[in-house]
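Asks: sequence and computational prediction follow.
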Amino acid sequence: MDRSLLKDWLEAALFISGRTMSIDELVKLSGAGRYDVIEELDHLSEKHQGPIVLVRTDTTAKMTLQDKYQKELWMLGHPELGKGELRTLTVVAYYEPIKQSDVVRMRGNKTYEQVASLESNGFVRSQKFGRTKVLRLGHKFFEYFGDEVAERIRNSGASAQVESQGQEDGQDLEGL
């Protein structure tokens, strides 16, 4: 790739991917040299000092919003989650770990479809637990919303309810 186009190409690639990309992946996709990619990422990092920033480590790069904007605007960047899926995901985040059967009791039968979608997209992971599943947050939840969102949800007073729910039928969810 022509060096004069590399910075624009990297900026476009990081923007459109919406995820953390490895330097190796950017080198491979662009066809540019590793040194050139790193140098252009440094230039992009200098360019993006406003609400949009380039976060780079030795091995990765990601274009994202500054934390102060991310806290207020995170929901706008995730239109692939419908209202129902987002509400089901919130229940999972609040009560994690939680049995799918308990989520169905709270949210209704559409939960099965929503959980399947959330699971296939990596927002939720499940483990067989008797005749139901135990649901936990998946890697994509943390990638999209960050650790802080999960922590705020968890600290909203759910922990006592989770423990009593998981042990109502004599089963302990924490060991899963």
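Replies: Looks like it arrived, so ask away. Numbers count the residues shown, from 1 in each chain.

Asks: list the contacts for residue 126?
Replies: Contacts were defined as Cβ atoms under 8 Å, 6 or more residues apart in numbering; by that measure residue 126 touches 100, 115, 119, 133-136. In this view, the C-beta of every residue, glycine as well, is placed from N, C-alpha and C.

Asks: tabulate those in JSON lines, adding columns for secondary structure and neighbour count.
Replies: Supplementary listing: the contacts of residue 126 in JSON lines, determined by DSSP: H, G, I helix; E, B strand; the rest coil; neighbours: other Cβ atoms under 10 Å:
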{"residue": "100", "secondary structure": "helix", "neighbour count": "21"}
{"residue": "115", "secondary structure": "helix", "neighbour count": "23"}
{"residue": "119", "secondary structure": "helix", "neighbour count": "16"}
{"residue": "133", "secondary structure": "strand", "neighbour count": "20"}
{"residue": "134", "secondary structure": "strand", "neighbour count": "22"}
{"residue": "135", "secondary structure": "strand", "neighbour count": "29"}
{"residue": "136", "secondary structure": "strand", "neighbour count": "17"}
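
Asks: let me have the residues you listed in CSV, extended by distance to residue 58 and pLDDT.
Replies: Conversion of the contacts of residue 126 to CSV gives the following (distance: Cβ to Cβ, whole Å; pLDDT from 0 to 100):
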residue, distance to residue 58, pLDDT
100, 40, 94
115, 37, 92
119, 32, 91
133, 38, 93
134, 36, 95
135, 35, 95
136, 30, 94
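
Asks: would you map the helices across the protein?
Replies: In chain order, the chain shows helices spanning 3-17, 23-30, 34-47, 67-73, 83-95, 100-107, 110-120, 139-154, 159-167, with DSSP state H as the criterion.
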